[in-house]
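Participant: 3D model of this:
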Amino acid sequence: MRNKWLGLICGAVLTGFSASAPAAGVAGPVRLITLDPGHFHAALVQKFMYEGVDPTVHVYAPKGDDVVEHMKRIDGFNQRREQPTHWRTELYTGPDYLTRMLNDKAGNVVVISGNNAQKTQYILRSVEAGLNVLADKPMAITPADYKKLQRAFAGAEQRGTLLYDIMTERFEITSILQRELSRQPELFGTLLKGSESDPAIRKESVHNYSKIVAGAPLKRPQWFFDVRQQGEGLVDVTTHLVDLVQWQAFPEQALQPEDAKVLRAKRTPTSITLEQFSKVTGATAFPEFLKADVSNGVLNVYANGEFTYRLRDVYALVSVKWDFEAPPGGGDTHFSIMRGSKASLMIQQGAAQQYKPVLYIEGTKDEAAVKKAIDSLQANYPGVGFKRDGERWVVTVPDRYNNGHEAHFAQVTEHFLKYLRAGKLPEWEVPNMLTKYATIMQAYELSRPRQTTSGSH
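Facilitator: Got it, this is the predicted structure:
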């Protein structure tokens with residue numbers, strides 16, 4: 001029923017539950033549970049319907065704006081003209097929402113995307129209850145969280161359930177083609193090792209606090225600006241960048257935490273005025289929990305971070321920056337380069353590319369090698385081509401492959417459902433998730449101010 005959820009926000013309503021013993025290798029319908037959805041990514045998992053997934057989703061959350069905004073987004077998907085969804089929501093908003101969710105077991109997959117201060121604990125408790133977990137990044141924002149995450153993965157293996165994080169950037173077409181072309185030795189050669197001062201791989205990401213999501217201005221929760229709740233930029237968006245380095249440089253290989261050594265790391269703040277804060281949160285003042293981060297009326301958020309590391313014998317640099325908003329016509333942007341012994345593969349997404357990611361092949365004049373490599377893509381990516389762009393080549397991509405960031409959540413979910421029905425993840429996925437977060441925690445610790453006396457920072 002349209003807007004059924006509006007009557008549920010103010011109280012605890014839960015009906016029609018049938019408990020089950022969820023397990024990997026689910027043969028029957030997948031039933032989703034959404035836990036404390038504070039980030040818009042939780043709703044994007046439901047932007048489309050999925051075969052074999054029950055349309056009734058059980059949501060457990062504390063009362064407040066976060067769950068209200070989540071339900072507005074789900075309702076918007078149900079009411080849109082093109083490809084409307086038909087999700088039904090059973091909502092519980094009591095203070096014991098977590099305990100109630102764990103006891104009810106109203107579904108067999110928990111979707112977790114929200115306040116990151118509690119996320120790792122949510123993941124661990126869900127796994128301990130025998131539930132499969134599809135979690136938004138980051139799954140850990142501090143070294144203490146990482147220890148809990150290790151326990152969660154061990155528990156999932158013991159119980160035969162799946163724990164997986166949502167790595168949408170693997171489904172962006174230029175990142176896919178960059179990976180595929182780096183595996184063409186006649187074009188790319190071999191991946192260079194690089195050095196600390198001149199890494200072989202660079203990945204840089206720029207994000208914006210003010211943006212449009214699902215056709216409407218995004219309302220950010222106030223806690224999103226608190227790095228103690230959201231996490232610093234160094235441990236948040238870098239999950240995507242480190243994941244891409246691993247996925248592209250060592251495809252389908254299981255990595256271990258000891259394979260990664262962070263060499264240097266830094267963190268810097270983004271300054272947000274009260275006017276800007278009000279624009280995206282609706283608040284008229286900075287909340288008390290942010291007062292320590294306010295100086296001269298300006299909020300300083302440690303949203304920017306950069307680190308250089310060695311993964312096995314390859315040097316890489318990852319960098320994330322948050323601006324308040326993009327230039328007119330712009331949006332979040334991504335830069336990436338992989339340097340090979342014969343050519344380099346570069347993704348740019350600036351004004352010259354009309355803020356759309358474009359893949360270039362640089363450093364080679366061998367048109368025959370370029371053509372052969374592009375021809376090898378046709379079986380899986382028909383229509384991809386190339387043309388000269390000055391001293392380099394641009395890889396041309398049909399519009400049908402540019403489905404946008406929001407659609408990538410459905411693609412990740414489809415893969416997760418496939419793994420769920422098979423009863424297992426690819427052998428390399430869990431070791432590489434642990435390696436990814438171990439790498440990021442090294443950077444987090446290295447970026448902190450040095451201790452000057454015992455117990456002080």
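Participant: only C-alpha atoms for contact and neighbour calcs from this point on.
Facilitator: Will do.
Participant: so where do the strands sit in the stretch 351-457 of the chain?
Facilitator: Secondary structure of the stretch 351-457 of the chain (DSSP state E, counting those that start in this stretch): strands at 358-362, 385-389, 392-396.
Participant: would JSON lines of those with mean neighbour count, mean pLDDT and distance to residue 258 be doable?
Facilitator: Converted to JSON lines, the strands of the stretch 351-457 of the chain look like this (neighbours: other CA atoms under 10 Å; pLDDT from 0 to 100; distance: least, CA to CA, whole Å):
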{"stretch": "strand 358-362", "mean neighbour count": "23", "mean pLDDT": "98", "distance to residue 258": "32"}
{"stretch": "strand 385-389", "mean neighbour count": "15", "mean pLDDT": "97", "distance to residue 258": "39"}
{"stretch": "strand 392-396", "mean neighbour count": "19", "mean pLDDT": "98", "distance to residue 258": "36"}
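Participant: with respect to residue 287, which of the ones you listed lies nearest?
Facilitator: Within those, the stretch nearest residue 287 is strand 358-362; the backing value is 40.5 Å (CA to CA).
Participant: tilt between the closest one and strand 392-396?
Facilitator: 150 degrees (axes from the mean of the first three to the mean of the last three CA atoms, to 10 degrees).
Participant: now strand 358-362: how far from the chain's centre is it?
Facilitator: Taking CA atoms, centre = their mean, to the nearest Å, the mean C-alpha location of strand 358-362 is offset from the chain mean by 24 Å.
Participant: that strand vs strand 385-389, what angle?
Facilitator: Going by the same axes, to 10 degrees, strand 358-362 makes 70 degrees with strand 385-389.
Participant: what are the pairing partners of strand 358-362, and which direction each?
Facilitator: strand 344-348 (antiparallel), strand 392-396 (antiparallel) (DSSP bridges).
Participant: which residues touch the lowest-mean-pLDDT helix or strand in the chain?
Facilitator: None of the helices or strands of the chain scores lower by mean pLDDT, DSSP states H and E than strand 212-213, at a mean of 83. Contacts of strand 212-213 with the rest of the structure, by CA atoms under 8 Å, 6 or more residues apart in numbering, involve residue 218.
Participant: please apply the same query to stretch 51-61.
Facilitator: Contacts of stretch 51-61 (CA under 8 Å, 6+ apart): 28-37, 49, 67, 86-94, 97-98, 100-101, 106-107.
Participant: in strands, which of those residues appear?
Facilitator: 32, 33, 34, 35, 88, 89, 90, 91, 92 (DSSP state E).
Participant: now the fifth one. Nearest residue, chain neighbours left out?
Facilitator: With CA to CA, 6 or more residues apart in numbering as the measure, residue 56 is the residue that lies nearest to residue 88, at 4.5 Å, once sequence neighbours are left out.
Participant: ok so, going back, export the strands paired with strand 358-362 to TSV and append columns for distance to residue 225.
Facilitator: As requested, the strands paired with strand 358-362 are exported to TSV (distance: least, CA to CA, whole Å):
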stretch	distance to residue 225
strand 344-348	28
strand 392-396	38
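Participant: let's have the strands of the stretch 351-457 of the chain in TSV, adding distance to residue 282.
Facilitator: Listed next are the strands of the stretch 351-457 of the chain as TSV, based on distance: least, CA to CA, whole Å:
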stretch	distance to residue 282
strand 358-362	35
strand 385-389	45
strand 392-396	41
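Participant: before we move on, back to that, show me which of the contacts of stretch 51-61 are buried.
Facilitator: 30-37, 49, 67, 86-94, 97-98, 101, 106-107 (16 or more other CA atoms under 10 Å).
Participant: show me where the stretch 351-457 of the chain has its helices.
Facilitator: For the stretch 351-457 of the chain, applying DSSP state H, counting those that start in this stretch gives helices covering 367-375, 405-422, 429-447.
Participant: helices of the stretch 51-200 of the chain, residue ranges please.
Facilitator: 65-79, 97-104, 116-128, 143-159, 173-181, 185-188.
Participant: to residue 400, which of those lies closest?
Facilitator: helix 173-181 (10.1 Å).
Participant: tell me how far that closest one is from the chain's mean position?
Facilitator: The answer for helix 173-181 is 18 Å, by CA atoms, centre = their mean.
Participant: now for that helix, which elements pack on it?
Facilitator: helix 238-249, strand 344-348, strand 358-362 (3 or more CA pairs under 8 Å, 6 or more residues apart in numbering; DSSP states H and E).
Participant: redo that, cut-off 7 Å
Facilitator: Of the remaining helices and strands, none touches helix 173-181 by 3 or more CA pairs under 7 Å, 6 or more residues apart in numbering; DSSP states H and E.
Participant: per-residue confidence averaged over that helix?
Facilitator: The predicted model gives helix 173-181 an average pLDDT of 98.
Participant: put the alpha carbons of it into PDB.
Facilitator: Extracted in PDB, the C-alpha atoms of helix 173-181 (Å, rounded to 0.1, in the frame of the first residue of the first chain):
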ATOM      1  CA  ILE A 173      33.000  -0.100 -17.600                       C
ATOM      2  CA  THR A 174      36.300   1.900 -17.900                       C
ATOM      3  CA  SER A 175      37.700   0.100 -14.800                       C
ATOM      4  CA  ILE A 176      36.600  -3.200 -16.300                       C
ATOM      5  CA  LEU A 177      38.300  -2.400 -19.600                       C
ATOM      6  CA  GLN A 178      41.400  -1.100 -17.900                       C
ATOM      7  CA  ARG A 179      41.700  -4.500 -16.100                       C
ATOM      8  CA  GLU A 180      41.100  -6.400 -19.300                       C
ATOM      9  CA  LEU A 181      43.600  -4.500 -21.400                       C
END
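Participant: could you give the angle of it to strand 344-348?
Facilitator: Using the same axes, to 10 degrees: helix 173-181 against strand 344-348 is 180 degrees.
Participant: buried sites along helix 173-181?
Facilitator: 173, 174, 175, 177, 178, 179, 180, 181.
Participant: could you work out the most separated pair of these?
Facilitator: 173 and 181 (12.1 Å).
Participant: hey, what's in contact with both of these two?
Facilitator: Here residue 173 and residue 181 share no contacting residue, scored by CA atoms under 7 Å, 6 or more residues apart in numbering.
Participant: what comes up buried for stretch 302-318?
Facilitator: 302-311, 314-318.
Participant: ok, which pair from these is furthest apart?
Facilitator: 302 and 314 (27.9 Å).
Participant: ok now stretch 68-83, how far from the chain's centre?
Facilitator: Offset of stretch 68-83 from its chain centre (CA atoms, centre = their mean): 21 Å.
Participant: ok, now stretch 230-237?
Facilitator: For stretch 230-237 - counting by CA atoms, centre = their mean - the centre lies 11 Å from the chain centre.
Participant: tell me how far the ends of it are from each other?
Facilitator: Separation of the first and last residues of stretch 230-237 by CA to CA, to the nearest Å is 11 Å.
Participant: if we look at that stretch, which residues are touching it?
Facilitator: With CA under 7 Å, 6+ apart, stretch 230-237 has contacts from 115-117, 137-138, 141, 223-224, 267, 302-306, 320, 440, 444.
Participant: that one - what's its average pLDDT?
Facilitator: pLDDT averaged over stretch 230-237 gives 96.
Participant: not counting sequence-adjacent ones, nearest residue to residue 341?
Facilitator: Nearest to residue 341 is residue 189, by CA to CA, 6+ apart, at 4.9 Å.
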